[in-house]
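Student: heads up, no residue letters with this:
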């Protein structure tokens, strides 16, 4: 695989894209090489092997420049993807807030009170569960408390208080 070593030396980003597999990334890399050497397209990896194996230093210099352009384009695409993800997260948050506000401002009292009532029931059930487990342990010595059950019982109360996902606590992104 001398051609691959040669390509890695001159154009590491293009080389990694070519060997990455998949459908799109290797095609983009071969298009960058084709543009650099003045070909309309490179149809296969075998054709790329032939081009790199027989390339002159001037051709490899053109491919190196194409690699720099390719790397910049990949960074731009990554930035675009991150912007789209951020926009999606912001829109998701906005939609959640609007849904909550619409419920809180509803003219129907049942709709307006459902979230606070669920939170109150959730908190009451959580407290009852914890006290019940404490009582069972005090009487029998058996510890039946399970944090998973307490978490599930308290989830609606925490959501009402503003905690929507655990990533808000641990700082992990979706």
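Tutor: Done, it's in. No experiment lies behind these values; they were computed from the predicted model shown. Numbering: from 1, shown residues only.
Student: give the buried residues for the strand or helix carrying residue 48.
Tutor: Per DSSP states H and E: residue 48 is located in helix 45-53. By neighbour count on 16 or more other C-beta atoms under 10 Å, the buried set for helix 45-53 is 48-49, 51-52. Placement of C-beta: from N, CA and C, glycine included.
Student: any idea which of those is the one closest to residue 87?
Tutor: Residue 87 lies nearest to residue 48 out of these, by C-beta to C-beta, at 36.3 Å.
Student: hmm, back to that, now, among the buried residues of helix 45-53, which is nearest to residue 120?
Tutor: Ranked by distance to residue 120 (C-beta to C-beta), those are led by residue 48 at 66.4 Å.
Student: and that closest one, what's its pLDDT?
Tutor: Looking at residue 48, its pLDDT reads 87.
Student: hang on, isn't it packed against residue 31?
Tutor: No - here residue 48 lies out of contact with residue 31, judged by C-beta atoms under 8 Å, at a distance of 10.8 Å.
Student: just the angle for the helix or strand following the helix holding residue 48 relative to helix 45-53, thanks.
Tutor: The helix or strand immediately downstream of helix 45-53 is helix 57-104, counting by DSSP H and E. With axes from the mean of the first three to the mean of the last three C-alpha atoms, to 10 degrees defining the directions, helix 57-104 sits at 130 degrees from helix 45-53.
Student: on the three-state scheme, the residue of the chain positioned farthest from its centre is what?
Tutor: What lies farthest from the middle of the chain is residue 139; by C-alpha atoms, centre = their mean that is 48.6 Å. Secondary structure, DSSP: H, G, I helix; E, B strand; the rest coil: residue 139 is helix.
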